[in-house]
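Peer 1: mind folding the following:
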Amino acid sequence: MKKENRSVIIWLLSGCVLLFLMVTVGGITRLTNSGLSMTDWHLVTDTFPPLSEAKWQEAFEEYKKFPEYQKINIHNDFQLSDYKFIYFWEWFHRFIGRIIGLVFIVPFVYFLIQKKLDKATIKKSIVLLGMGAFQGFLGWFMVRSGLINDPDVSHFRLSLHLTFAFITFAYTFWVALDLIYPNRKNSVQPLKTIARYALVFLLIQIIYGGFVAGLNAGLIHNHWPMMNDGQFIHDSVFLEQKNLLLSFTEGKSGVQFIHRTLAYLVVGFIVFLYFKSRKLTLDRGQSRGINLLVILVFAQFALGVFTLLYGVPLWLGLTHQINAFFLLSAMTFTLHRLSK
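Peer 2: Alright, predicted model coming up:
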C-alpha cells in the first residue's frame, strides 16, 4: 500500500461498511414487511421521520390509501404504533442510502481537488457513483411495484435491487484492493478460472435468494435434504406454472428448488478450488482467501438449511443474508489475489 493512497482506501472501505449496513437493514426491512410503509419519496423532506403526532397521523392516513393496508393490515387490527415500527425500518434504510451518497460524493470531490486520485481510480470512482445512483433508482422502482394493485413488491425487482447492491459492494471492495495491492504478482490462471466460475454461480445464487425472499418461498417445503414427501424435486414444481421457465422464475416451489440446488454447485466449485490450490505454491494472501472461502461457504450452506427447516425466523434469515455478504467479500478478495 502506498502511503498517499491510505485516505482513499479508508474512504472506499468506509463505503463498503455502509453498503454492508444498508443491505443488512434492507434484509430487516424485508423480513419485517416494512418496505411499503413510506408511500412516497422526497430527497429532502423525508430525511427525518415525522416529528409530531399530527405528522405521524398524516403519514398513517396516507399509508391507508395503498394496497398493503387495504388488503392485508386492515384485517390485522393495525394501529399507529404498528405503523411507526415498519416506518422506522424503511426510513432507516433510505437514510443510510442518503449517508452513502454523501460519503461517496463529498470525499470524491475533495480527493479530485487535492489531486489524490490517479486517472484509473477517477474512472472507477465515477463508475461507483453511477452504480450508487442506479441503486437508488432500483429501490424506488422496486417499492413502486407494491403500491399499485398487489400489496407486495415484484420479486424480480427486489432481486435486482438486492443483487446490484452486492455487486456495487464487490466492485467498491475491488477498487480498494487495487490500491491496497498496487503491485500484484502473476495470476494463478487455473485457480483464477475456477474462482470466476464460482463467483458467477454465487451471483446467480444471490439472484435466486432475492427470488426466494420476494416470493416468500422459504415458508414452504421446510425439509432437507429432500423437499416435501421425500422428493428431491417436488411435484408442485411442475404444477404451479404453465411451463418450466415460469416454474423456475415465478413458482415458489421451483424457485426454492433452484436455490437449494445451486447451493450444492457453489459449495462444489469452492471445494474444487481448495483441493486444486493444494497442488500449487501460493502466497499467504491467496491461501488465506481460499481457506476463508471454504469456511464461509459451509457456514452459508448450514445457515441456509436451518433457515429453511425453521421456516425463516427473522434472526436466521438475516444471518443467512449477512453471511452471503461475507462470502462474496471473501470471493472478491480471493479472485483479486489470484488475478494479475
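Peer 1: helices of this structure, start to end?
Peer 2: Under the criterion DSSP state H, helices of the chain are mapped to 6-31, 53-63, 67, 80-113, 119-144, 155-180, 189-215, 236-239, 244-247, 252-277, 284-309, 314-338.
Peer 1: angle of the longest one against helix 155-180?
Peer 2: This points to helix 80-113. Relative orientation of helix 80-113 versus helix 155-180 (axes from the mean of the first three to the mean of the last three Cα atoms, to 10 degrees): 40 degrees.
Peer 1: give the buried residues for helix 80-113.
Peer 2: Residues 83-84, 86-97, 100-101, 103-104, 107-108, 111 are the ones in helix 80-113 that count as buried (16 or more other Cβ atoms under 10 Å). C-beta: built from backbone N, CA, C; applies to glycine.
Peer 1: got it, and stretch 54-70?
Peer 2: So for stretch 54-70, counting by 16+ other Cβ under 10 Å, buried means Trp56, Ala59, Phe60, Tyr63, Phe66, Pro67, Glu68, Tyr69.
Peer 1: what is the nearest of these to Leu43?
Peer 2: Set against Leu43, the nearest of the buried residues of stretch 54-70 by Cβ to Cβ is Ala59 (17.0 Å).
Peer 1: ok, the residue nearest to the closest one when sequence neighbours are not counted to Ser37 distance?
Peer 2: In space, and not counting its chain neighbours, Ala59 is closest to Pro50: 5.4 Å by Cβ to Cβ, 6 or more residues apart in numbering. Pro50 sits 12 Å away from Ser37, going by Cβ to Cβ, to the nearest Å.
Peer 1: take the helices of the chain and write them to TSV, including mean pLDDT and distance to Leu43.
Peer 2: Shown next, in TSV, are the helices of the chain (pLDDT from 0 to 100; distance: least, Cβ to Cβ, whole Å):
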stretch	mean pLDDT	distance to Leu43
helix 6-31	94	17
helix 53-63	92	17
helix 67	89	25
helix 80-113	94	8
helix 119-144	92	10
helix 155-180	95	18
helix 189-215	96	26
helix 236-239	95	44
helix 244-247	95	38
helix 252-277	97	34
helix 284-309	96	36
helix 314-338	95	27
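Peer 1: TSV for those helices, including distance to Asp46?
Peer 2: As requested, these are exported to TSV (distance: least, Cβ to Cβ, whole Å):
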stretch	distance to Asp46
helix 6-31	15
helix 53-63	10
helix 67	21
helix 80-113	7
helix 119-144	12
helix 155-180	18
helix 189-215	24
helix 236-239	41
helix 244-247	37
helix 252-277	33
helix 284-309	32
helix 314-338	25
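Peer 1: isn't Met218 right up against Leu314?
Peer 2: For the record, residue 218 is Gly, not Met. No: at 11.9 Å, Gly218 does not count as touching Leu314 under the criterion of Cβ atoms under 8 Å.
Peer 1: who has more neighbours, those two?
Peer 2: The residue with more neighbours, out of Gly218 and Leu314, is Gly218; 24 against 11, by other Cβ atoms under 10 Å.
Peer 1: and the more buried one, what is it in contact with?
Peer 2: When contacts are counted by Cβ atoms under 8 Å, 6 or more residues apart in numbering, Gly218 is found next to Val212, Gln256, Thr307, Leu308, Gly311, Val312, Gly317.
Peer 1: go again using 7 Å as the cut-off
Peer 2: Shown in contact with Gly218 (Cβ atoms under 7 Å, 6 or more residues apart in numbering): Val212, Gln256, Thr307, Leu308, Val312.
Peer 1: let me know the pLDDT of the last one.
Peer 2: In this case it means Val312. pLDDT for Val312: 94.
Peer 1: how about the residue nearest the centre of the chain, what does it touch?
Peer 2: Nearest to the geometric centre of the chain sits Leu162, at 4.1 Å (Cα atoms, centre = their mean). Contacts for Leu162 (Cβ under 7 Å, 6+ apart) come out as Ile206, Gly210.
Peer 1: now it: how far from Gln286?
Peer 2: In terms of Cβ to Cβ, Leu162 sits 29 Å off from Gln286.
Peer 1: and Met226, by the same measure?
Peer 2: Taken as Cβ to Cβ, the span from Met226 to Gln286 is 38 Å.
Peer 1: neighbour count for those two, which is higher?
Peer 2: Taking neighbours as other Cβ under 10 Å, Met226 and Gln286 compare with Gln286 leading, 20 against 12.
Peer 1: verify the contact between the more buried one and Leu338 for me.
Peer 2: Yes: using Cβ atoms under 7 Å, Gln286 is in contact with Leu338, at 6.1 Å.
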